[in-house]
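Enquirer: Just need the structure, nothing else, for what follows:
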Amino acid sequence: MKKSLLASLCGLMLSALSSVSVFADRYVGGDISLLPEYEKAGAVYKTHDGTQIADLLPWLRDEGMNAMRIRLFVNPADHKAKYPSKYDPNACQDLEYITPLCQQIVGDGFKLMLDFHYSDTWADPAKQWTPEAWKNLSDEQLYDKIYEYTKDCLLALKAAGVTPAFIQPGNEISYGMLWGAEDAPASSLKKTFMGSDANWQRFATLLRQAIKACREVCPEAKIVLHTERVAQVDVLSNFYDQMKKLEVNYDIIGLSYYPYFHGGMNVLDKALSTLQTRYPEKNIMIVETGYSYKWEVPGSTHDFSGQWPYSDEGQDAFAKDLVATLEKYDQVDGLFWWWMEYNAYGTSLSGWYNAPLFNSLDGCATSALHTICSFAENSAVPTIGIPDSNAETICYDLSGRPTEPSTPGIKIQNGKKHLIPVR
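Expert: Presented below is the predicted three-dimensional model:
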């Protein structure tokens, strides 16, 4: 009788938890920040078999995607005015631009990841330029500004009916952010480096202030710290060690992984293995990835065309290998394809990006789009049973807080999820 009752209670608990997506569900989608531009230009999106898609987002949801990522710049118009020769029209996403797109994403049932660049233009490991309007602020003033700006943006989105599920306070911040003005002397830029104590306290204060705003306005949102040093595991580990040492309160390790820049799947595998072992309380997401379906991506430093040819089949083979690698790690719960919406078919747009999930030659979705959706479809249910109370590894709840192994709920120990039913 006891066993039967316990089994029933476990079943009810599993059913209830599943219905509210408590199981650390896996998230699959992409960065679609330029979708309004392609739609405005008349891009024709088609299904895998060539049928025209009337409304892209609902179709992507039906394919199995459940989350989308949007970037946000402070004031792209300032960068265009100050550096007209360097201005990239793809970096156009200010708050006014993204609000209706975010409304559409949330309205169509997707989780939203909001990616603050804290710059007027692209922020990445090679450039983290302070916005033009902020460039003369002292560090103390910047601490206040990043808090106020983050809070104001989130309040504006909430007023529009949009609450992000995931927030990135900074984009590819492996070497810090808000270094200084783009035209400032290189020697004055406030970067962070492994092996140096310079600027880490400043960087951590900026992050804590941004995260404080996120926690106040969107307390349920998960905070993602986004880096891209997968090929340098020592640098990667040092970054998250510093975050722990400096008491930066975040939830998810976010990574960029591009094989043509970073190396083969073994490189990603090593990075994920290291991160899961060193930070068992943190979930991990691939927040940017991609691979070409046609020709080499400009600037590539690695050639895997022998393993994954530049074709629909080759891109799909990469996607299959990627999903298989991610599924080895219980803590990995997110996969986002970068610039997946690029599609010049039916438009007069110039230029070419080789690694989206739509073919600009015919507008059809590539096979890889369907493949990456399988990562969400294969979400695993946690093991029912109490974690080992004698194990050396600490037991955590889903918020990353240390907890007793025997208390009811979902617990994480050694990267494994356990469901402890109410007795």
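
Enquirer: What about the closest residue to Tyr342 other than its chain neighbours, how many residues nearby?
Expert: Closest residue in space to Tyr342, ignoring its immediate chain neighbours: Pro356 at 3.7 Å, by C-beta to C-beta, 6 or more residues apart in numbering. Glycine gets a C-beta too; all of them are placed from N, C-alpha and C. By other C-beta atoms under 10 Å, 26 other residues sit near Pro356.

Enquirer: what helix or strand does Pro356 sit in?
Expert: Under the criterion DSSP states H and E, no helix or strand holds Pro356.

Enquirer: from now on call the first residue 24
Expert: Right, with 24 as the first residue, what we last looked at is Pro379.

Enquirer: Would you mind listing the residues in contact with it?
Expert: Going by C-beta atoms under 8 Å, 6 or more residues apart in numbering, Pro379 touches Gly313, Trp360, Trp362, Met363, Glu364, Tyr365, Asn366, Thr389.

Enquirer: Can you pick out the most distant pair from those?
Expert: Within the contacts of Pro379, two members stand farthest from each other by C-beta to C-beta: Gly313 and Asn366, at 14.2 Å.

Enquirer: Please go through the protein and pick out the longest helix.
Expert: Longest helix in the chain, counting residues (DSSP state H): helix 162-182.

Enquirer: Flag every buried residue along it.
Expert: Neighbour-count burial for helix 162-182, counted by 16 or more other C-beta atoms under 10 Å, picks out Leu165, Tyr166, Lys168, Ile169, Tyr170, Tyr172, Thr173, Lys174, Cys176, Leu177, Leu180.

Enquirer: what's that helix packed up against?
Expert: Helices and strands touching helix 162-182, by 3 or more C-beta pairs under 8 Å, 6 or more residues apart in numbering; DSSP states H and E, are helix 118-130, strand 134-139, helix 223-240.

Enquirer: And the contacts of that helix?
Expert: Helix 162-182 has contacts (C-beta under 8 Å, 6+ apart) with 95, 97, 118, 122, 125, 137, 139, 141, 153, 157, 160, 186-187, 190, 192, 201, 225, 228-229, 232-233, 235-237, 239-241.

Enquirer: ranges for the helices of the stretch 274-423 of the chain?
Expert: Along the stretch 274-423 of the chain, the segments classed as helices by DSSP state H, counting those that start in this stretch run 282-285, 288-301, 335-349, 390-400.

Enquirer: quick one, which of these is nearest to Lys267?
Expert: helix 288-301 (9.5 Å).

Enquirer: what packs against that closest one?
Expert: For helix 288-301, the packing partners by 3+ C-beta pairs under 8 Å, 6+ apart are helix 256-268, strand 275-280, strand 306-312, helix 335-349.

Enquirer: Adding distance to Asp292, mean neighbour count and mean pLDDT, write the ones you listed out as TSV.
Expert: TSV is the format used below for the helices and strands packed on helix 288-301 (distance: least, C-beta to C-beta, whole Å; neighbours: other C-beta atoms under 10 Å; pLDDT from 0 to 100):
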stretch	distance to Asp292	mean neighbour count	mean pLDDT
helix 256-268	11	17	98
strand 275-280	10	25	98
strand 306-312	12	25	98
helix 335-349	6	20	98
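
Enquirer: Could you dump the ones you listed into a markdown table with distance to Thr426 added?
Expert: As requested, these are exported to a markdown table (distance: least, C-beta to C-beta, whole Å):
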| stretch | distance to Thr426 |
| --- | --- |
| helix 256-268 | 18 |
| strand 275-280 | 19 |
| strand 306-312 | 16 |
| helix 335-349 | 26 |
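
Enquirer: Determine which of those approaches Cys396 most closely.
Expert: Taking the helices and strands packed on helix 288-301 one by one with C-beta to C-beta, helix 335-349 is closest: 9.3 Å.

Enquirer: could you say what helices and strands that closest one packs with?
Expert: helix 288-301, strand 306-312, strand 355-360, helix 390-400.

Enquirer: how about the ones you listed in TSV, adding distance to Ser56?
Expert: Putting those into TSV (distance: least, C-beta to C-beta, whole Å) gives the following:
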stretch	distance to Ser56
helix 288-301	24
strand 306-312	12
strand 355-360	11
helix 390-400	17
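
Enquirer: Show the low-confidence segments of the chain, by residue range.
Expert: Applying pLDDT under 70 to the chain flags residues 24-47, 402-425, 429-446.

Enquirer: now with 90?
Expert: Residues of the chain meeting the criterion pLDDT under 90: 24-48, 371-376, 400-446.

Enquirer: what residue is smack in the middle of it?
Expert: Val310 (2.8 Å; C-alpha atoms, centre = their mean).

Enquirer: Looking at strand pairing, list the partners for the closest residue to that residue other than its chain neighbours.
Expert: Closest residue to Val310 apart from its sequence neighbours, by C-beta to C-beta, 6+ apart: Gly277 at 4.2 Å. Taking DSSP bridges, one finds His249, Met308 as the beta-bridge partners of Gly277.

Enquirer: now Pro192
Expert: Going by DSSP bridges, Pro192 forms beta bridges with Phe139.

Enquirer: Distance of it relative to Arg92?
Expert: With the distance defined as C-beta to C-beta, to the nearest Å, Pro192 ends up 14 Å from Arg92.

Enquirer: again with Gln299
Expert: For Gln299, the distance to Arg92 - C-beta to C-beta - is 22 Å.

Enquirer: Look at these two and report which has more neighbours.
Expert: Neighbours were counted for Gln299 and for Arg92 using other C-beta under 10 Å; Arg92 has more, 30 against 20.

Enquirer: Tell me how far that one lies from Ile395.
Expert: Arg92 sits at a distance of 14 Å from Ile395 (criterion: C-beta to C-beta).

Enquirer: Glu243 now?
Expert: 26 Å.

Enquirer: quick one: which of the two has more around it?
Expert: Shown here are Glu243 and Ile395; by other C-beta under 10 Å, Ile395 has more neighbours (27 against 8).

Enquirer: mind checking which of the helices and strands packed on helix 288-301 is nearest Asp131?
Expert: strand 306-312 (20.2 Å).

Enquirer: For that closest one, output the C-alpha coordinates as CSV.
Expert: Output in CSV follows, covering the C-alpha atoms of strand 306-312 (Å, rounded to 0.1, in the frame of the first residue of the first chain):
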residue,chain,number,x,y,z
ASN,A,306,23.2,25.6,-15.9
ILE,A,307,24.9,26.1,-19.2
MET,A,308,23.6,27.4,-22.5
ILE,A,309,25.0,27.8,-26.0
VAL,A,310,23.6,31.2,-26.7
GLU,A,311,25.4,31.6,-30.0
THR,A,312,26.4,29.0,-32.6
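
Enquirer: Which secondary structure elements does it sit against?
Expert: Strand 306-312 sits against strand 245-250, strand 275-280, helix 288-301, helix 335-349, strand 355-360, with contacts defined as 3+ C-beta pairs under 8 Å, 6+ apart.
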